[in-house]
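Asks: got a predicted model here, sequence first, then my questions.
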Amino acid sequence: MESQVMTNPEDISKLYRELSLFPSLTRADVGPVITSQYGGKYSNIYTEWSQRDLERNENVKFCRQYIVFHDDKSVVYSGPSGNCTEIKGELLSKDSPSGDMKAVVRESIIKGEDKQFLEIWSKNIKVKSINLTALKKHGKVYEDDQFGCLVWSHSETHLLYVAERKRLKAESFFQVWPSKHTLKGEQFVFYEDWGETLVSKSSPVLCVLDIEGSNVSVLEGVPDNISPGQAFWAPSDTGVVFVGWWHEPFRLGLKYSPNRRSSLFYVDLTGGQCEQLSSGSSAVCSPKLSPDQCRIIYLECAVYGPHQQCSRLCMYDWYTKRTSVVVDVVKRPREDGFAGIYSSSLSPLCWSADSQRILVSCPQGSRKDLLLVETTTGSVTSLTSKSPGGSWSLLTIERNLMVVSWSSPNCPPSLRVGFLPLGGSREEVDWVVLEDSQTQPDIDWQILNFTPPPEQDNSQYPGLDFDALLLKPKDVKEGVKLPLIVTPHGGPHSVIVADWLLSSSVLCRMGFAILLVNYRGSIGYGQDSILSLPGNVGTQDVKDVQFAVESVLRGGAFDEQKVAVAGGSHGGFVACHLIGQYPEFYKACVARNPVINLASMIGSTDIPDWCMVEAGYNYSTDCLPDPAVWEQMLNKSPIKHVKQVKTPVLLTLGEDDKRVPPKQGIEYYRALKALQVPVRLLWYPGNNHSLSKVDAESDGFMNIALWMTQHLSL
Ligand SMILES: CSCC[C@H](NC=O)C(=O)N[C@@H](CO)C(=O)O
């Protein structure tokens, strides 16, 4: 049969280079309203972007500003104000509330040593540059989005941030000239960390800089068994509100795990008293204070259980001290399409100007939509469900001016702004494009819906369906049947939404069709769908994917002899199951950091609870190895089916992966070698679970593409 797939490595790398140029939006801030001498009002919009630089082998960060003239209700005129500037060395930055000053935490290498500075800029002058490293009040500043923050006090006199607790230097028992203030014999003591992407982050502390006096103090009063983060100033700067995570009896991985026991706390600055503001029996995150400083909105979900679940949107009233549930967990999508809130972070600013409404961007099925929540009634409406399909992400909202990123599988991210209609109004948002991007006319995409056959219905959660995204080249020559790459996502409680996906778009432009399956258990389809999967991994997810593939093949547009499967993490688990359970079906397989054996992984991953929960058991920190549980974990794992595998497998592993340690992939590699199944292993030092360093990602992509063309005989 004729093929129209690109196979030449030179051509493929050229295409990858071309499409990897499209940057993604990472942040936007709206400046104060300025009235021009002619009476027109305008605001500056500051944006940050990230782009792969293949030559320098790094992701570069750059900024660009735009000017938006408006009348507080609609955009009158807009455009960029200058070109892009690369940002180097900035770990964190934040404008003061008035817009008069800017704070920056900067990392700089001086005489070969890493130093951190806290800078204050005013107008065109760097008025302060405080050497935090030399001050020795704390360890490194946290720049991550789990704990990290840099927040101006309302009075603009103090700054709040999170850093590692100061550790005394440890020395050997045999140090000949012992120095003062050192700990003897503590050189090799183990410090727990917070796992994947948070290695070396162990004991965060809240730090405050008094700008006038250039004085840093570490806040006292946070309970010893709590790790604080996501902090901000309480109304009138009387103290600090933060999320505290319990770290006893031990820390577990936090990345993609918003289900860790945590609470909102308030520490009073004068007395150092610490008060717990939420129940303490759930997991909370992303608290945001309303513009009128009266209420705090935050997300809440259950502790343990599935790692990502449908969240509750809760509100704490600062003055009555009452908490209310604004939006509850949604079991099944409602008639109007609302399927619940699935997010572990609200955007940095998410309140409307009247402090009555909240904006949340989150998956709703295979789309990512912008939802407007009335906090008094809990009513939820979608601002984007009638707009072009794709993915809408809120970057910020300030005085009702929303700044969003929009993308779709054939359109890289574009920057848009629009005013939130007044409360009670049914008006549609008039989106204005500030930075357009190049649509890829050769890529076609659609969302497909599947109802599992009756024998695969889940008796505990009956009647659930699921979706898949199908990408295919637009122009297919007469008589050509396309090769198909099937991609189950990881998690398993995550989702593939219709946004710009670099590797899928390159594969599609090469001539492949790609089927990305949101099997039952994915987020964005109601809590019941999520709960239907634990205990059924390796069967329900696997059968859903197979059902979707076979349904698509029945359409006749694809070549049944040229079907491949590729997935990462839990997606790798599903991929390896598929080649074991359907040994004749898939002609090539790629697995990034796949889960291979739940029983062997439980002792080495940073999230052992995940193994128990997905195998169908409850987790507690004191649970001990149980042969019956281990047997079930083994039975549900891909390694159980390895003897049936015939498909050539490409494994891509990150040496520093704390989530699915690379020994999982090695276990599979050895088994395949012993069975003489073709296998190739790529080992990426310095990479963690996501394999997202520029060289690992691009090398991984090229190897995947060539593995597919080789084993699908294209
Ligand atoms: C113990 S590994 C669990 C699988 C992992 N889940 C959470 O981290 C996973 O599948 N990760 C996804 C992201 O959700 C991935 O694609 O890496």
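Replies: Sure thing, it's come through.
Asks: for the helix or strand hosting Ser405, the distance to its chain's centre please.
Replies: Secondary structure assignment for Ser405, by DSSP states H and E: strand 401-408. For strand 401-408, the separation from the chain centroid amounts to 17 Å (computed by C-alpha atoms, centre = their mean, to the nearest Å).
Asks: so what touches that strand?
Replies: 24-25, 28, 30, 43, 45, 47, 68, 70, 359, 361, 370, 388-397, 413-420, 429, 431, 437, 445, 498-500 (C-beta atoms under 8 Å, 6 or more residues apart in numbering). Every residue, glycine included, has its C-beta placed from N, CA and C.
Asks: what strands line up against it, and which way round?
Replies: strand 391-398 (antiparallel), strand 411-419 (antiparallel) (DSSP bridges).
Asks: now these as TSV including mean neighbour count?
Replies: As requested, these are exported to TSV (neighbours: other C-beta atoms under 10 Å):
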stretch	mean neighbour count
strand 391-398	23
strand 411-419	22
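Asks: and the ligand, is stretch 562-571 touching that?
Replies: Yes. Stretch 562-571 comes into contact with the ligand (C-beta under 6 Å from any ligand atom), by way of Gly568, Ser569, His570, Gly571.
Asks: so which pair among those is furthest apart in space?
Replies: Farthest apart among the residues of stretch 562-571 next to the ligand by C-beta to C-beta are Gly568 and His570. That separation is 8.1 Å.
Asks: overlap in contacts of the two?
Replies: Gly490.
Asks: and for the most centrally placed residue in the chain, nearest residue in space, chain neighbours not counted?
Replies: Most central in the chain under C-alpha atoms, centre = their mean is Tyr256, positioned 6.8 Å from the mean C-alpha point. Excluding its sequence neighbours, the residue lying closest to Tyr256 (C-beta to C-beta, 6 or more residues apart in numbering) is His307, at 6.1 Å.
Asks: count the residues that sit near the one you found.
Replies: 26 (other C-beta atoms under 10 Å).
Asks: what is the mean pLDDT for stretch 668-677?
Replies: Taken as a whole, stretch 668-677 has a mean pLDDT of 98.
Asks: oops, could you answer that again for stretch 192-200 instead?
Replies: So the average pLDDT for stretch 192-200 ends up being 97.
Asks: what's the span of that stretch, first residue to last?
Replies: 8 Å (C-alpha to C-alpha, to the nearest Å).
Asks: from Leu691, how far off is the nearest residue to Pro685 once chain neighbours are set aside?
Replies: Distances taken as C-beta to C-beta, 6+ apart place Glu655 nearest to Pro685, at 4.6 Å, with adjacent residues excluded. Between Glu655 and Leu691 the distance is 10 Å, computed by C-beta to C-beta, to the nearest Å.
Asks: quick one, what contacts the spatially closest residue to Leu132 that is not a sequence neighbour?
Replies: Distances taken as C-beta to C-beta, 6+ apart place Gln116 nearest to Leu132, at 4.6 Å, with adjacent residues excluded. Listed by C-beta under 8 Å, 6+ apart, the contact set of Gln116 reads Leu91, Val105, Arg106, Glu107, Ser108, Asn131, Leu132, Thr133, Lys140, Val141.
Asks: quick check on the residues you listed: which are buried?
Replies: Leu91, Val105, Arg106, Glu107, Leu132, Thr133, Lys140, Val141 (16 or more other C-beta atoms under 10 Å).
Asks: restricted to helices, list the residues you listed.
Replies: Leu132, Thr133 (DSSP state H).
Asks: could the buried ones among the contacts of Gln116 be laid out in a markdown table, adding pLDDT and distance to the ligand?
Replies: Below are these laid out as a markdown table (pLDDT from 0 to 100; distance: C-beta to the nearest ligand atom, whole Å):
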| residue | pLDDT | distance to the ligand |
| --- | --- | --- |
| Leu91 | 98 | 24 |
| Val105 | 98 | 28 |
| Arg106 | 98 | 31 |
| Glu107 | 97 | 27 |
| Leu132 | 98 | 32 |
| Thr133 | 97 | 32 |
| Lys140 | 98 | 24 |
| Val141 | 98 | 25 |
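Asks: for Tyr319, which non-adjacent residue is spatially closest?
Replies: Cys294 (6.3 Å).
Asks: quickly find the element holding Ile666.
Replies: Per DSSP H and E: helix 663-674 holds Ile666.
Asks: which positions in whichever helix or strand comes after that helix come out as buried?
Replies: Downstream of helix 663-674, the next assigned helix or strand under DSSP H and E is strand 679-684. By 16+ other C-beta under 10 Å, the buried positions in strand 679-684 come out as Val679, Leu681, Leu682, Tyr684.
Asks: name the nearest of those residues relative to Ser279.
Replies: Checking the buried residues of strand 679-684 one by one against Ser279 (C-beta to C-beta), the nearest turns out to be Tyr684, at 41.8 Å.
Asks: confirm for me that that closest one is in contact with Leu691.
Replies: Yes. Look at Tyr684 against Leu691 with C-beta atoms under 8 Å: they come within range, at 5.7 Å.
Asks: what is in contact with these two at once?
Replies: Thr652, Gly654, Gly700.
Asks: from these, which ones fall inside strands?
Replies: Applying DSSP state E to those, the entries found in strands are Thr652, Gly654.
Asks: sorry, back to before: quick one: the residue nearest to the centre of the chain from Gly526, how far?
Replies: Distance from Tyr256 to Gly526, by C-beta to C-beta: 20 Å.
Asks: go on, Gly491?
Replies: When Gly491 is compared with Gly526 (using C-beta to C-beta), they lie 16 Å apart.
Asks: kindly report the same for Glu614.
Replies: From Glu614 to Gly526 the distance is 19 Å (C-beta to C-beta).
Asks: more neighbours: those two, which one.
Replies: A count of neighbours by other C-beta under 10 Å puts Glu614 above the other of Glu614 and Gly526, at 27 against 23.
Asks: SS state for that one?
Replies: Following DSSP: H, G, I helix; E, B strand; the rest coil, we place Glu614 in the helix state.
Asks: surely it meets Gly538?
Replies: No. Counting by C-beta under 8 Å, Glu614 sits too far from Gly538 to count as a contact (9.0 Å).
Asks: what touches both of these two?
Replies: Lys636.
Asks: burial check on Cys350, number of neighbours?
Replies: There are 21 residues near Cys350, going by other C-beta under 10 Å.
Asks: doesn't Leu359 make contact with it?
Replies: Yes. With contact defined as C-beta under 8 Å, Cys350 counts as touching Leu359 (5.1 Å).
Asks: hey, what's in contact with both of those two?
Replies: Leu394, Ile397.
Asks: residues touching the residue of the stretch 351-500 of the chain found nearest the ligand, list them.
Replies: Among the residues of the stretch 351-500 of the chain, Gly490 lies closest to the ligand, at 2.7 Å counting by C-beta to the nearest ligand atom. The contact partners of Gly490, by C-beta under 8 Å, 6+ apart, come to Gly567, Gly568, Ser569, His570, Gly571, Gly572.
Asks: you'd agree the last one is up against Ile579?
Replies: No. Taking C-beta under 8 Å as the definition, Gly572 is not a contact partner of Ile579, at 10.9 Å.
Asks: what residues are bridge-paired with the residue nearest to Leu132?
Replies: Bridge pairing for Gln116 - DSSP bridges - gives Glu107.
Asks: any idea whether the residue of the stretch 51-200 of the chain found nearest the ligand is helix, strand or coil?
Replies: Nearest to the ligand, among the residues of the stretch 51-200 of the chain, is Glu196, at 6.9 Å (C-beta to the nearest ligand atom). With three-state DSSP as the basis, the three-state label of Glu196 is coil.
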